[in-house]
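Undergrad: Everything below, folded, please.
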Amino acid sequence: MKKVSKKDKLFFFENHFKTLDGLWMIETEKETDWETALKIDLNVWVRLLIIIIRRIKRYLGFKENNIENLIKILTYRWIIEGWEFEIAEDGIIKIISCPYNEAMTRNPNRHNRIKSICKDMCIPFYETVVKDFNADIKIKREYFSGLDSDYCDFQFYHNDKKFFPSKELIKFNIGVNDKLLYFEPNFFTMDGLWIIEVENEIDWATALKVDIVVWQRLYKIIFRRIKRYLAIQGNSLQDLIKILSFCWNCEGYNYKIVKNERREAILHITECPYYKIMQRNPERHDKIEAICKEMCIPFYEPALKAFNPQISLKRKKFLGIGDKYCDFYFKLA
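TA: Below is the predicted model:
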């Protein structure tokens, strides 16, 4: 079993943060329609960004909701997520490169969605979260990369007076710990918000269906990325256990490898981070059993088939229905 470092965990959460969000958007659109998916996405990101701002504020030790702290919080987030920006002499913050716009630009299937996402999502959710932070602060935006401008702009006003941020204001020495403390909790929060908002807008059955497909596709991607990251050349059962161990260690599972032989492997999960999150939320208690039995089982099937179709998985025990552990029995045909 490979122990993971902070660098390993950052690789896991940073690489899959945007992937998870993109998959939720794509699969929700497939299940419903573009307008519904965009509405849900906006609701998710308004709630998520408000949570993110509060978490960063607490992490950086800020006490006041003033304009200086807001700009520090937003630019701190942008730096961690890989945005490129500069402060112009007229006090305008210019976004030269947005990772979300870049991701859509790389995907030919999303080119026709860029303008809609920029106009109907990015603009309103920044206005909402700034108002939530401090109603006396306003932002003015005139240029948008997604609407054919060369950059996106942010101008900040407090009590109708323009604020001129300095370059010194947004200087941060960001390391692995800072990035990990950003991506790890927000990865779990974003996933939870998506399933909640799909359920709120449509129904529980649809949310469950979309969640299954999202995680099936995500685990296929995760397995490929981890295989490359660990430089694993084969597709044996032992190679699979290495990948799965790395994945579970990053996600925060407690487990033990009961058996790990050439043709058989048995793993027992004694603590599941997703189960613990649902336990902390009384509103999700009635959903735990369905999520455990209807979602967790099929999650791995496409990833296993892509990795090695000769490896099968059987499950009988689940923490979510009162068992002491979740069991994973792998067999190589």
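Undergrad: Walking through this protein, point out its helices one by one.
TA: For the chain, the helices defined by DSSP state H cover 6-31, 34-60, 67-81, 99-106, 114-117, 123-133, 176-201, 204-229, 237-251, 273-280, 288-290, 296-299, 301-307.
Undergrad: Next up, the contacts around E68.
TA: The contact partners of E68, by C-beta atoms under 8 Å, 6 or more residues apart in numbering, come to 165, 169. C-beta coordinates here come from the backbone N, C-alpha and C atoms, glycine included.
Undergrad: State the distance from it to K162.
TA: 14 Å (C-beta to C-beta, to the nearest Å).
Undergrad: where's Y219 relative to P298, distance?
TA: Per C-beta to C-beta, Y219 is found 10 Å from P298.
Undergrad: What of D323?
TA: Relative to P298, D323 is positioned 19 Å away (C-beta to C-beta).
Undergrad: Equivalent analysis for Q155, please.
TA: 48 Å.
Undergrad: More neighbours: which of the two?
TA: When Q155 and P298 are compared on other C-beta atoms under 10 Å, the one with more neighbours turns out to be Q155, at 18 against 12.
Undergrad: confidence score at that one?
TA: Predicted confidence (pLDDT) for Q155: 96.
Undergrad: Spit out the contact partners of D120.
TA: So D120 contacts 38, 42 (C-beta under 8 Å, 6+ apart).
Undergrad: The residue in the chain sticking out farthest from the centre and R263, how far apart?
TA: Largest separation from the mean C-alpha position in the chain: K161, at 35.8 Å (C-alpha atoms, centre = their mean). Taking C-beta to C-beta as the measure, K161 falls 72 Å from R263.
Undergrad: what does the model give the closest residue to Y182 other than its chain neighbours for pLDDT?
TA: Leaving out its chain neighbours, the residue that sits closest to Y182 by C-beta to C-beta, 6 or more residues apart in numbering is I80, at 4.9 Å. Here the pLDDT value assigned to I80 is 97.
Undergrad: cool, and the one 3 residues further on?
TA: Looking at W83, its pLDDT stands at 95.
Undergrad: Please give the number of neighbouring residues around it.
TA: Using other C-beta under 10 Å, W83 has 19 other residues around it.
Undergrad: One more: Q216?
TA: 18.
Undergrad: Just list the residues touching it, thanks.
TA: Shown in contact with Q216 (C-beta under 8 Å, 6+ apart): 298-299, 301-303.
Undergrad: Redo those as JSON lines? Include distance to K72.
TA: Shown next, in JSON lines, are the contacts of Q216 (distance: C-beta to C-beta, whole Å):
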{"residue": "P298", "distance to K72": "43"}
{"residue": "F299", "distance to K72": "39"}
{"residue": "E301", "distance to K72": "45"}
{"residue": "P302", "distance to K72": "42"}
{"residue": "A303", "distance to K72": "40"}
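Undergrad: Now the buried members of those residues.
TA: 299, 302-303 (16 or more other C-beta atoms under 10 Å).
Undergrad: low-confidence ranges in the protein?
TA: Residue ranges of the chain with pLDDT under 70: 1-2.
Undergrad: Touching, Y219 and Y300? I think so.
TA: Yes: using C-beta atoms under 8 Å, Y219 is in contact with Y300, at 6.1 Å.
Undergrad: returning to that earlier point: any idea which of the contacts of Q216 is closest to K256?
TA: F299 (20.2 Å; C-beta to C-beta).
Undergrad: so how many other residues sit close to the nearest residue to the closest one once chain neighbours are set aside?
TA: In this structure, F299 finds its nearest non-sequential neighbour in W215, 4.8 Å apart by C-beta to C-beta, 6+ apart. Close neighbours of W215, defined as other C-beta under 10 Å, add up to 23.
Undergrad: ok, W215 to D21 distance?
TA: In terms of C-beta to C-beta, W215 sits 13 Å off from D21.
Undergrad: Nothing else from me, thank you.
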